[in-house]
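Visitor: Predicted model, plus sequence, below.
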Amino acid sequence: MAKEFMKGCEAIAEAAIQAGCHYFFGYPITPQTEVPEYMAAKLPKIGGCFLQAESEVAAINMVYGAAGAGARVMTSSSSPGVSLKLEGISYLAGAELPAVIVNMMRGGPGLGSIQASQGDYFQTTKGGGHGDYHVIALAPSTVQEAIDLMQDAFDLADMYRTPTMLLADGTIGQMMEPVEFKPREKRTDLPAKDWATTGWGPNSNRPRAVVNSLYIETEELQEMNDRLQARYRMIEEKETRVELYNVEDAEVILCAYGTVARICKSAVALAAKQGVKVGLVRPITIWPFPKKAVHDTIAQDSVKTVITIEISAGQMVEDVRLAVNGEKEVQFFGKPGSYCPTAEEICEKIMEMRRA
Amino acid sequence: MATVFKKTPLLTDAVLHYCPGCGHGIVHRLVAECLEELGIGDKAVAVVPVGCSVFAYRYFNVDSQEAAHGRAPAVATGIKRVHPENVVFTYQGDGDLASIGTAEIVHAAHRGEKITTIFINNAIYGMTGGQMAPTTLVGQKTTTSPYGRDKDWCGSPIRMAEMLATIDGSAYIERVAVNNTKNIVRAKAAIKKAFQTQIEGKGFSLIEVLSNCPTNWGLSPAESMEWLEQNMIPYYPLGVKKDTTKED
Ligand SMILES: Cc1ncc(C[n+]2csc(CCOP(=O)(O)OP(=O)(O)O)c2C)c(N)n1
Ligand code: SF4
Ligand SMILES: [Mg+2]
């Protein structure tokens, strides 16, 4: 297929449709409104359903209903809206329903800003809503990668019966880039949705479907949680993704995800001109976090300096430190809100922190 | 021996957990009988709430989804939009529908969502042990209005059926009660009509059922039915509030 010049939000929406998602429930919020707008234009033409919900709370519960009815379904929002969706995401996790949620992060807390941010890392990876659950969280650093990950997101959600999130910063949503929609083979190993509520009678060839997260007996709730945890361990084992860039024998290792990681790549080139070998570890799944790859990269003898860079006050850096487990010092550079550093600034920081 | 009465197969054999004399059991039976009589058991999907009827998926012998507190109309919307041929209904209490879930119910009606809502107004939060609901009557004592509901402090009880009837998308809205045989017979007819409204694709339908909570009202089942008659019906008048099913 030929390359097209497309805005991130629209590319993500198109990727979802091509992944077989024909149901979208959402609410406008910058910087992701082009996702619902694209869906509103396209879905009615292919027999799908776009519905503008009265709130993000309603939208995620519509997603719950549609997912429970067996559909590939998604919603999209940005930070304040995702806060409202957390109740529903916890229920999706508890009821073991597959669904995809896009969070095009903007600056916070509160109403914050409409510029890009990475302030929702904790919210995304440490649960967010109540209870012991995780969402698979995919963090693209280019529009092309957002397309590819969006398509994977639906398969992952179906495979593991879990809500899956595409966590992008606002830049990804607003940027235009040449992209390509590569034709994909439909996965045939995904489990059948024989648990979906499609209408049941005594002659149906499946048990009566009950979509539910209530387990009032302690033992039953334990069983459900054990099932979830076992699934999370399997996801950690099989689905962890990371990009290692220029890391071999590097003296400095940067850890970053999303747009920031992309800027870091330019900083790596700038530093090379100054004779400093810098590498980058870029988590693609921020949950499951690529602990082993992060650890092993940083554990190399050559590595003297480790810097995690985020548009936040320092959130992912905690996971990097956990992975490194005190073996080396992990420094942090970044600002909360929505201040995105330039490659030059990052390079300067590298030299400064390296000297320190 | 001739069979003179048989439980509808659209209720499971699970033992109801409701308190003796509670109206929830009556309404469950009415809903299930309507589904059976309309022959839509295999198309029905129940969306059950958070409240005393949280286990209703154990009783309605149809595919079911459990919704978060107040969100049943949004969940039902998701289901109905995916499978318009299903008959989707929510079963909700007054805390669930008239308090935490007002946005969801108003907008389901506003969109003319082709779902049916069975709304159990028992003027109290039953499940959590008898707190004030938006439907609690002025002067009524609950655990969070121990001196009686004060209108100046908490407002007057909300009449959901009348309010929802003002919304264009509502096709059929009626208030019924289950405090005596005559009213129960009427309630069943109303519930059936609401399902028919959905089957015919005419829009949103809701039946508000005045029900009792003997346990948290501190009354015997018989006294509670009398209390409902004396206190609730005068404030919450029974009858059809909206019927557009005959138009066009
Ligand atoms: C988000 C949330 N808030 C509060 C509760 C606690 N809660 C459970 S049931 C209920 C009230 C139910 O009352 P109602 O809807 O009137 O149903 P009834 O028990 O009277 O049938 C509340 C507040 C909850 N489960 N979830
Ligand atoms: S607490 Fe009240 S509403 Fe709940 S089951 Fe008992 S009587 Fe019924
Ligand atoms: Mg109640």
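Guide: That came through fine. Ligands and ions are numbered 1, 2, ... in the order given.

Visitor: In this structure residue A:347 contacts residue A:264, no?
Guide: No - look at residue A:347 against residue A:264 with Cβ atoms under 8 Å: they stay out of range, at 9.6 Å. Quick note: C-beta positions are derived from backbone N, CA and C, even for glycine.

Visitor: Tell me how many other residues crowd residue A:232.
Guide: By the criterion of other Cβ atoms under 10 Å in any protein chain shown, residue A:232 has 18 neighbours.

Visitor: interface residues of chain B facing ligand 1?
Guide: Residues of chain B lying close to ligand 1 by Cβ under 6 Å from any ligand atom are B:50-53, B:69, B:93-96, B:120, B:122, B:124-128, B:133.

Visitor: From those residues, which land in strands?
Guide: Among the residues of chain B next to ligand 1, the members falling in strands (DSSP state E) are B:93, B:120.

Visitor: OK, contacts around the spatially closest residue to residue A:197 that is not a sequence neighbour?
Guide: Leaving aside its sequence neighbours, residue A:197 sits nearest to residue B:63 (Cβ to Cβ, 6 or more residues apart in numbering or on different chains; 3.7 Å). Residues in contact with residue B:63, defined by Cβ atoms under 8 Å, 6 or more residues apart in numbering or on different chains, are A:197-200, A:208-210, B:44-46.

Visitor: Name whatever forms a beta bridge with residue B:63.
Guide: residue B:45 (DSSP bridges).

Visitor: coming back round to it: which one of residue A:347 and residue A:264 is surrounded by more residues?
Guide: Neighbour count, other Cβ under 10 Å: between residue A:347 and residue A:264, residue A:264 has more, with 29 against 23.

Visitor: Contacts only, for the most centrally placed residue in chain B.
Guide: Per Cα atoms, centre = their mean, the C-alpha nearest to the average position across chain B is that of residue B:119, at 2.0 Å. The contact partners of residue B:119, by Cβ under 8 Å, 6+ apart, come to B:92-94, B:97-98, B:160-161, B:206-209.

Visitor: same thing with residue B:34?
Guide: Residue B:34 sits in contact with B:188, B:191-192, B:195, where contact means Cβ under 8 Å, 6+ apart.

Visitor: What helix or strand is it located in?
Guide: Assigned by DSSP states H and E, residue B:34 belongs to helix B:23-38.

Visitor: what separates that helix from the chain centre, distance-wise?
Guide: Counting by Cα atoms, centre = their mean, to the nearest Å, helix B:23-38 is centred 11 Å from the centre of its parent chain.

Visitor: Equivalent analysis for stretch B:132-143, please.
Guide: The chain centroid and the centroid of stretch B:132-143 are separated by 18 Å under Cα atoms, centre = their mean.

Visitor: Indicate whether it makes contact with ligand 2.
Guide: No - against ligand 2, stretch B:132-143 shows no contacts by Cβ under 6 Å from any ligand atom, the least distance being 11.0 Å.

Visitor: Report the buried residues of that stretch.
Guide: Using 16 or more other Cβ atoms under 10 Å in any protein chain shown as the test for burial, stretch B:132-143 gives B:132-137, B:140-142.

Visitor: isn't residue B:188 right up against residue B:33?
Guide: Yes - Residue B:188 lies in contact with residue B:33 (Cβ under 8 Å); the separation is 6.7 Å.

Visitor: tell me the strands in the stretch 1-150 of chain A, going along the chain?
Guide: All strands of the stretch 1-150 of chain A, identified by DSSP state E, counting those that start in this stretch, fall at A:4-7, A:23-26, A:49-52, A:73-77, A:99-105, A:136-138.

Visitor: Tell me which strands the shortest one pairs with, and in which orientation.
Guide: This points to strand A:136-138. Here strand A:136-138 has these sheet partners by DSSP bridges: strand A:163-169 (parallel), strand A:285-287 (antiparallel).

Visitor: avg pLDDT for that strand?
Guide: Here strand A:136-138 scores 98 as its mean pLDDT.

Visitor: Let me know the closest of the contacts of residue B:34 to chain A.
Guide: residue B:195 (14.2 Å; Cβ to the nearest Cβ).

Visitor: I'd assumed residue B:41 was in contact with that closest one.
Guide: No - applying Cβ under 8 Å as the test, residue B:195 and residue B:41 come out as separate, 11.4 Å apart.

Visitor: which neighbours do the two share?
Guide: Shared contacts of residue B:195 and residue B:41, defined by Cβ under 8 Å, 6+ apart, are found at residue B:35.

Visitor: Would you confirm that residue B:216 contacts residue B:142?
Guide: Yes - the pair residue B:216 and residue B:142 qualifies as a contact (Cβ under 8 Å) at a distance of 7.3 Å.

Visitor: list the contacts for the closest residue to residue A:166 other than its chain neighbours?
Guide: Nearest residue to residue A:166, sequence neighbours excluded (Cβ to Cβ, 6+ apart): residue A:102, at 4.6 Å. Neighbouring residues of residue A:102 by Cβ under 8 Å, 6+ apart: A:12, A:32, A:35, A:74-77, A:150, A:165-166, A:168.

Visitor: What of residue B:199?
Guide: B:38, B:40, B:87.

Visitor: Ligand 2 contacts on chain B?
Guide: Contact residues (Cβ under 6 Å from any ligand atom) of chain B with ligand 2: B:18-19, B:22, B:24, B:52, B:122, B:126-127, B:213-216.

Visitor: Turn those into TSV, including pLDDT and neighbour count.
Guide: Formatted as TSV, those follow (pLDDT from 0 to 100; neighbours: other Cβ atoms under 10 Å in any protein chain shown):
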residue	pLDDT	neighbour count
B:18	98	19
B:19	98	16
B:22	98	23
B:24	98	26
B:52	98	25
B:122	98	28
B:126	98	29
B:127	97	19
B:213	98	27
B:214	98	21
B:215	98	19
B:216	98	22
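
Visitor: in the stretch 51-200 of chain A, what residue is nearest ligand 2?
Guide: Proximity of the stretch 51-200 of chain A to ligand 2 (Cβ to the nearest ligand atom) peaks at residue A:91, 22.5 Å away.

Visitor: what number of residues lie near that residue?
Guide: By the criterion of other Cβ under 10 Å, residue A:91 has 27 neighbours.

Visitor: Relative to ligand 1, how far out is it?
Guide: 10 Å (Cβ to the nearest ligand atom, to the nearest Å).

Visitor: Contacts only, for the closest residue to residue B:210 other than its chain neighbours.
Guide: Of all residues not flanking residue B:210 in the chain, residue B:177 sits nearest, at 4.0 Å (Cβ to Cβ, 6+ apart). Shown in contact with residue B:177 (Cβ under 8 Å, 6+ apart): B:183, B:187, B:209-211, B:228-229, B:232-233, B:238.

Visitor: Which phi and psi values does residue B:177 adopt?
Guide: With angles defined as degrees, to the nearest 10, residue B:177 sits at phi -140, psi 160.

Visitor: and what of residue A:3?
Guide: Note on residue A:3: its backbone torsions stand at phi -80, psi 140 [degrees, to the nearest 10].
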